[in-house]
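Asks: I would like the atomic coordinates for the input below:
(chains A and B)
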Amino acid sequence: NAGVTQTPKFRVLKTGQSMTLLCAQDMNHEYMYWYRQDPGMGLRLIHYSVGEGTTAKGEVPDGYNVSRLKKQNFLLGLESAAPSQTSVYFCASSLPGANVLTFGAGSRLTVL
Amino acid sequence: GNSVTQMEGPVTLSEEAFLTINCTYTATGYPSLFWYVQYPGEGLQLLLKATKADDKGSNKGFEATYRKETTSFHLEKGSVQVSDSAVYFCALIPRGFQKLVFGTGTRLLVSP
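Replies: Numbers count the residues shown, from 1 in each chain, chains lettered A, B, ... in the order given. The predicted structure follows:
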């Protein structure tokens, strides 16, 4: 089983450019999440979704948008990238109740 | 609010040493508690969990006991191996909530 797949794994952007990170899961999970991981700050929740067509803000949503048009996919968009968005981004999914999350391998984004 | 506090790392040990990584929490109600592990270059994986007071979670030689009276969930292992070198995250999910709250992570380095 593939589990949770994130693309791309690495990306370098210039300030002001836009991009989309794709997360795909094949476990039929209802819930999906986007986190960012920064040194000394652990994982912080950006946005999450509890089902197809629904999204909600997490701790640090500013500068990001998300969409969940299909149950298996959760897209994270940066409309105008800033150096402060340099980070490692993790997607995760879970069954309802969010007790156990399955994580992707991460996407490293650098904004110059 | 809901929060998790972990000891700062890195924790540096020799192979076969005893490991303790401290974790304390603040939460509304009675949360479920988790330890996740992140090996180099990978996403997070669930290591163990406990869902009610006095429960002990265990996996791969690691253990943690849900202590309601001290609001703690310390991670222990009797004899660490080099392959245990990773970052360990304590996390909680309050009852009725949909989102995990993570600590900042503790890096463990085990030398031969």
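
Asks: do you know how far A:Gly51 is from B:Thr51?
Replies: Distance, A:Gly51 to B:Thr51, by C-beta to C-beta, to the nearest Å: 24 Å. (C-beta placed from N, C-alpha, C; glycine too.)

Asks: And stretch B:11-24, end to end?
Replies: 17 Å (C-alpha to C-alpha, to the nearest Å).

Asks: ok, and what's touching that stretch?
Replies: Residues external to stretch B:11-24 that are found in contact with it (C-beta atoms under 8 Å, 6 or more residues apart in numbering or on different chains): B:4-7, B:33, B:35, B:64, B:70-82, B:84, B:88, B:90, B:103, B:106-112.

Asks: ditto for stretch B:94-105
Replies: In this structure, residues lying in contact with stretch B:94-105 by C-beta under 8 Å, 6+ apart are A:31, A:33, A:40-45, A:48, A:50, A:58, A:98, A:101, B:2-6, B:8-9, B:23, B:27-32, B:34, B:36, B:38, B:87-93.

Asks: And A:Gly51 and B:Thr51? Which one has more around it.
Replies: Counting neighbours by other C-beta atoms under 10 Å in any protein chain shown for A:Gly51 and for B:Thr51 shows that B:Thr51 has the greater number, 15 against 12.

Asks: residues in contact with the more buried one?
Replies: Applying C-beta under 8 Å, 6+ apart, the residues near B:Thr51 are A:99, B:32-33, B:66.

Asks: Tell me where chain B has helices.
Replies: Per DSSP state H, chain B carries no helices over any range.

Asks: for chain A, which spans come out with low pLDDT?
Replies: When residues are selected by pLDDT under 70, those of chain A lie in A:1, A:97-98.

Asks: Nearest residue to the residue in it that chain B sits nearest to in space, please, no chain neighbours.
Replies: Proximity to chain B, evaluated over chain A using C-beta to the nearest C-beta, is greatest for A:Phe103 at 3.4 Å. With C-beta to C-beta, 6 or more residues apart in numbering or on different chains as the criterion, A:Phe103 has its nearest non-adjacent residue at 3.4 Å, and that residue is B:Gly43.

Asks: show me what contacts that neighbour?
Replies: With contacts defined as C-beta under 8 Å, 6+ apart, B:Gly43 is in contact with A:4, A:90, A:92, A:103-106.

Asks: can you rerun that using 10 Å?
Replies: Applying C-beta atoms under 10 Å, 6 or more residues apart in numbering or on different chains, we find B:Gly43 in contact with A:3-4, A:6, A:35, A:37, A:88, A:90-92, A:101-106, B:36.

Asks: And B:Tyr25, by the same measure?
Replies: If you count contacts by C-beta under 10 Å, 6+ apart, B:Tyr25 has them with B:2-6, B:31, B:33, B:66, B:71-73, B:90-92, B:94, B:101, B:103.

Asks: A:Val100 too?
Replies: Neighbouring residues of A:Val100 by C-beta under 10 Å, 6+ apart: A:92, A:94, B:32, B:34, B:36, B:46, B:49, B:93, B:100.

Asks: Could you pick out the residues of chain B near chain A for me?
Replies: B:4, B:6, B:8, B:32, B:34, B:36, B:38, B:41-46, B:49, B:51, B:87, B:89-91, B:93, B:96-106 (C-beta under 10 Å from any C-beta of the partner chain).
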